[in-house]
Structures are given as C-alpha cells and as structure tokens.
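>>> Predicted model follows, preceded by the sequence.
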Amino acid sequence: NVTGEWREIVTKDGTHWRLGYTGALPPTGDDDPGVYDTGGSEQLAPMLDYPGQTNVDWPNYGGSAHDLVAFRWRVDEVHDTYGNTMTFQYNEERGVFHYELAGFGHNLNFDRASYLKQIDYTSNNYNGNNLPAAYRVEFFLEDRGNDKPTDHQGYDNWDSKRLQEVRAEYIKDGNSYVMRTYDLGYTTVNNSDAYVTRNTWTTELTSVAVTGYTYPSGYVYPPTPTSTVAPTISFTYENKDNRVACPPCGETYSQWPYPRLMTISNGYGGLTTYEYENDGRNDNSSYYNYRVKTFTVSDGVSSSDNMVSSYSYVGVCYDDIYPDGCDTDPDSSLQGYATVTATNKDANNNVLGMTAHYFYTDATTQYHTQQVGREYKTQQLDASGSTVLTETDTNFVTWELGANAPHWYFVDAAEVDQYQNINGPLVLIQKTQNT
C-alpha cells in the first residue's frame with residue numbers, strides 16, 4: 001500500500017483478517033477520473049506536512065506517505081486455519097485538496113470515497129493447493145440523485161455513487177456465470193418542513209428485484225441462460241417529525257422530518273408493517289427518540305395467520321455527561337431503557353409469549369459508564385408474563401488501561417449463565433466462562 005501500514009486481526013478460532021494491506025495512489029491530473037479501480041483497501045486522506053519531518057512529536061505515526069495518511073483500513077483478505085480464503089476489492093473516487101504554500105497553489109489527491117467492488121470466495125492455497133475462487137459477488141454503482149452534498153470542504157469525504165446492482169456468480173475455468181442478480185430501486189425525497197423551506201434530500205430504498213439464471217447442459221461458452229424473475233420486494237416510508245411543533249419559535253425553527261420504514265412487501269402477498277412511537281419529549285430544545293411500538297407480519301393468505309409483536313419500554317435513561325447517571329435534562333441524549341419487553345400475539349390478540357431484555361443504564365457505579373446499553377439479562381416468559389421459562393445472565397468485566405488520563409476501557413463478557421425452569425425453579429443448565 002501507500003503508507004506502509006495495515007492491520008491484521010486473528011480471532012480465537014484462528015481466522016485471520018487483514019485490513020488495509022492493498023492500495024495505490026489516486027490518479028493525478030486536473031480531470032475528474034470518476035470512479036477508478038485501485039483494488040485497494042487503504043483509503044487515503046490528506047494531512048499536510050505529514051510525516052512532519054521538522055516535528056518530532058509525530059514522525060511516521062501514521063505511515064510513511066507524504067501529506068497522506070490512512071482514513072480507514074478496509075478488509076482485503078480473510079482466511080481460516082485450513083486456508084479457505086475470501087478476498088475483497090474496492091473502487092474509489094478522487095478528491096482534490098487545494099492549498100497554498102510559499103505563494104504557490106498546489107493540489108493534493110486523496111481518496112474521497114471508497115466502494116466495495118468484488119468479493120471472491122473459496123480460494124485455497126493451503127499446502128500448495130493453489131485452488132482459485134469458485135464464487136464471486138460483484139457490486140455495481142450508479143450516480144446518486146439530488147441528495148449529493150453541496151456544502152463541503154475540499155478535504156471532506158462524501159459519496160457521489162450508490163449501490164445499483166449485486167451479482168452472485170459461479171466461476172469455472174476462469175469464466176464467470178451470473179447465477180442471481182439483485183437490482184435496487186430508490187426514491188430521492190425532499191423532506192418538507194412545516195416552518196423552514198430547505199432542501200433536505202433523503203434517499204429511500206424502495207425496491208429489490210431478484211432474478212435467477214440457469215444454464216443449459218453441454219453449452220459452449222458463453223452460454224445463453226434462462227432467467228426467472230421473482231416478485232419485487234418493495235419498501236414504503238413515512239416522514240415523522242424529529243421534535244415538537246413550535247409555531248412561536250420563528251421561521252428558523254425546524255422539526256427535521258425524517259422517513260421511517262413503514263412496510264416491507266415480499267411481492268407474493270406477504271407484508272410486514274411497523275408502527276412507531278416517540279418518547280414524548282415536548283421541549284423544543286430536545287429531539288424525539290423513536291422506537292417500534294408494534295410489528296405485524298401477514299402471510300397474505302389469511303388474516304387469521306397474522307402475527308403481531310408489541311414492545312414496551314421502561315426506565316428511560318438520558319445522560320449527557322458521564323458519570324452523572326440518568327437524568328431528565330431535555331438536552332440530554334438517550335442512553336437506552338432499563339427494560340424492553342417484546343410480547344408476541346396471534347391474529348386474535350392472544351398472547352403467545354413474552355421476552356424481557358434488561359440493560360445497564362446506571363452510570364454511577366464504577367465501570368457501569370462503559371457498560372451502559374449492554375444487555376445483562378434476557379428472560380423468556382409464559383403468556384401471562386408471571387413465569388420465567390428460561391433466563392440468560394451475562395456478567396461483564398471492564399479492563400482499564402493507562403495509569404494516567406486519558407484512560408482506555410475494554411468491556412468483555414466474562415461469564416454467561418443459562419437457566420431453565422424445571423418444575424418451578426430456575427436451574428442452572430450451562431455456564432460459559434471467557435478467559
């Protein structure tokens with residue numbers, strides 16, 4: 001790559017992940033090269049006067065490239081202990097950062113955007129196997145609509161493309177055969193506001209069209225496949241205001257409406273429907289936090305087969321500054337809920353079962369600051385909600401690194417205990433300890 005740095009991660013099962021190893025400089029010149037192929041997983045960002053030849057505080061802390069550092073490392077290879085390998089390739093877009101130095105103008109090229117191009121599966125070089133990949137997924141792009149940003153700096157990262165099509169392919173004798181395609185449809189919406197006229201464009205995924213392909217036996221390459229088009233999956237949305245109305249607040253006050261997913265249709269008649277609610281924060285200096293109230297699944301055959309899940313939320317926690325704990329300050333951010341209960345019902349509103357999820361929200365105890373939002377207990381309940389059928393408890397440990405500020409914290413699940421109701425009491429049936 002360009003900077004000479006990358007990252008490698010090995011998981012407990014021996015799977016090896018490599019990130020940011022491949023890369024190349026973006027093309028030079030004054031013309032816009034559009035999307036170009038470096039295949040690289042290292043996305044470059046501008047940093048003038050780096051690596052700081054005259055500054056001893058940061059020599060080569062982010063690689064050896066001049067005026068450039070890695071903005072992000074993306075995975076480029078994954079292999080397990082048997083040599084089974086996945087490889088990833090990317091396309092990028094060039095950004096040009098203009099700056100003045102000693103009275104002269106200069107242009108610095110960097111990777112303004114990076115897009116996943118291709119994933120190859122099942123290659124294997126273990127013990128000299130030298131087996132090429134037999135499967136591939138390719139990603140194809142299209143131009144974004146009116147939602148491209150216009151107010152940005154020369155060094156900003158932003159995408160001018162979006163995903164248009166995904167192809168799943170089989171590779172034989174070096175030739176690629178498309179087995180299935182997924183074509184994505186979008187709508188670009190200008191979200192209207194009751195008080196302020198502005199262009200706040202949002203792209204909504206509205207459809208996914210799936211096509212499958214079969215090939216005749218005994219063909220001569222390239223063969224002519226037979227295609228089968230599945231019913232199109234479709235999505236609908238509804239704009240919901242992000243804060244309370246305030247007519248006296250003036251023309252600059254905005255409710256910032258934003259689309260929420262309302263329905264998903266599988267094209268065969270099946271439909272899922274979402275109903276939302278917000279936390280009711282009625283101060284015009286705060287913003288709503290939306291949550292799912294009900295989730296309904298219909299198979300499109302009989303309404304008597306509908307399944308409904310409803311959700312209740314208890315113990316809301318807002319907090320801006322740790323470790324103060326939960327508060328009700330209208331300017332505070334939502335940290336989560338102490339308990340979220342999902343209730344599953346049939347079409348006749350009969351309760352079939354319940355699941356209760358318990359989360360840390362108390363930030364006043366040592367290390368709970370780092371554990372806020374983590375689920376420490378899950379219970380499966382009977383239809384009445386009074387009897388616990390199974391329970392999973394997770395005990396976390398927080399590792400504190402650094403003797404002086406700033407400190408770094410890592411939270412791990414130290415122990416997971418699973419209980420089952422056996423003739424009344426909960427009995428421990430499995431204990432997992434991570435060391």
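On my side now, so go ahead. Residues are numbered from 1 along each chain as shown.
>>> quick one, longest strand in this structure?
In the chain, taking DSSP state E as the definition, the longest strand is strand 104-124.
>>> And that one, what's buried?
108-120, 123-124 (16 or more other C-beta atoms under 10 Å). Any C-beta I mention is one placed from the backbone N, CA and C, and that applies to glycine too.
>>> of the residues you listed, closest to residue 84?
residue 124 (5.6 Å; C-beta to C-beta).
>>> That closest one pairs with what?
Beta bridges link residue 124 to residue 84, residue 131, judged by DSSP bridges.
>>> for residue 264, same thing?
Beta-bridge partners, per DSSP bridges, of residue 264: residue 235, residue 272.
>>> any idea how far residue 122 is from it?
32 Å (C-beta to C-beta, to the nearest Å).
>>> Residue 189 too?
For residue 189 relative to residue 122 (C-beta to C-beta), the value is 41 Å.
>>> Kindly report the same for residue 50.
40 Å.
>>> now residue 69, nearest residue through space, not along the chain?
In space, and not counting its chain neighbours, residue 69 is closest to residue 62: 3.9 Å by C-beta to C-beta, 6 or more residues apart in numbering.
>>> That neighbour contacts residue 47, doesn't it?
Yes: in this structure, residue 62 is within contact of residue 47 by C-beta atoms under 8 Å, at 7.4 Å.
>>> who has more neighbours, those two?
residue 47 (22 against 16; other C-beta atoms under 10 Å).
>>> mind listing what the more buried one touches?
Contact analysis of residue 47 by C-beta atoms under 8 Å, 6 or more residues apart in numbering lists 62, 67-69.
>>> Report the secondary structure state of residue 304.
Here residue 304 is recorded as helix under DSSP: H, G, I helix; E, B strand; the rest coil.
>>> how many neighbours does it have?
The burial count for residue 304: 9, using other C-beta under 10 Å.
>>> now do the one 3 residues further on
For residue 307, the tally of surrounding residues (other C-beta under 10 Å) stands at 15.
>>> what does the one 10 residues further on give?
The number of residues packed around residue 317, counting by other C-beta under 10 Å, is 22.
>>> Return the distance of the helix or strand containing it from the chain's centre.
Applying DSSP states H and E as the criterion places residue 317 in strand 307-319. When distances are taken as C-alpha atoms, centre = their mean, to the nearest Å, strand 307-319 is centred 22 Å away from the chain's centroid.
>>> packing partners for it?
Packed against strand 307-319, as judged by 3 or more C-beta pairs under 8 Å, 6 or more residues apart in numbering; DSSP states H and E, are the following elements: strand 290-298, strand 333-345.
>>> residues of that strand that come out buried?
308-311, 313, 316-319.
>>> Dump that strand to CSV, keeping only the CA atoms.
Extracted in CSV, the C-alpha atoms of strand 307-319 (Å, rounded to 0.1, in the frame of the first residue of the first chain):
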residue,chain,number,x,y,z
MET,A,307,-48.5,-12.4,13.9
VAL,A,308,-48.1,-9.3,16.0
SER,A,309,-45.3,-8.3,18.2
SER,A,310,-45.7,-5.3,20.6
TYR,A,311,-42.9,-3.6,22.6
SER,A,312,-43.0,-1.8,25.9
TYR,A,313,-40.1,0.3,27.3
VAL,A,314,-39.5,1.0,31.0
GLY,A,315,-36.8,3.0,32.7
VAL,A,316,-35.7,5.6,30.1
CYS,A,317,-32.2,6.9,30.7
TYR,A,318,-31.0,10.2,29.4
ASP,A,319,-27.5,11.4,30.1
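>>> List the contacts of it.
279, 291-297, 325-329, 332-347, 349, 361, 363, 372.
>>> For the stretch 51-200 of the chain, which residues score under the pLDDT cut-off?
52-61, 194-199 (pLDDT under 70).
>>> And the strands in it?
Secondary structure of the stretch 51-200 of the chain (DSSP state E, counting those that start in this stretch): strands located at 68-73, 75-79, 84-101, 104-124, 135-143, 161-172, 175-190.
>>> Could you dump those into CSV and include distance to residue 414?
CSV is the format used below for these (distance: least, C-beta to C-beta, whole Å):
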stretch, distance to residue 414
strand 68-73, 29
strand 75-79, 27
strand 84-101, 31
strand 104-124, 35
strand 135-143, 37
strand 161-172, 39
strand 175-190, 41
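>>> Go through the ones you listed and name the closest to residue 382.
Using C-beta to C-beta, the nearest of the strands of the stretch 51-200 of the chain to residue 382 is strand 175-190, at 40.8 Å.
>>> And the most far-flung residue of the chain relative to its centre, how far from residue 47?
What lies farthest from the middle of the chain is residue 103; by C-alpha atoms, centre = their mean that is 43.9 Å. Between residue 103 and residue 47 the computed distance is 22 Å (C-beta to C-beta).
>>> which residues touch residue 293?
With C-beta under 8 Å, 6+ apart, residue 293 has these contacts: 275-277, 310-311.
>>> any idea how far residue 237 is from it?
Taking C-beta to C-beta, one finds residue 293 at 17 Å from residue 237.
>>> what does residue 230 give?
Distance from residue 230 to residue 237, by C-beta to C-beta: 22 Å.
>>> any idea how far the closest residue to residue 225 other than its chain neighbours is from residue 123?
Spatial nearest neighbour of residue 225, chain neighbours left out: residue 213 (4.0 Å); criterion: C-beta to C-beta, 6+ apart. For residue 213, the distance to residue 123 equals 23 Å [C-beta to C-beta].
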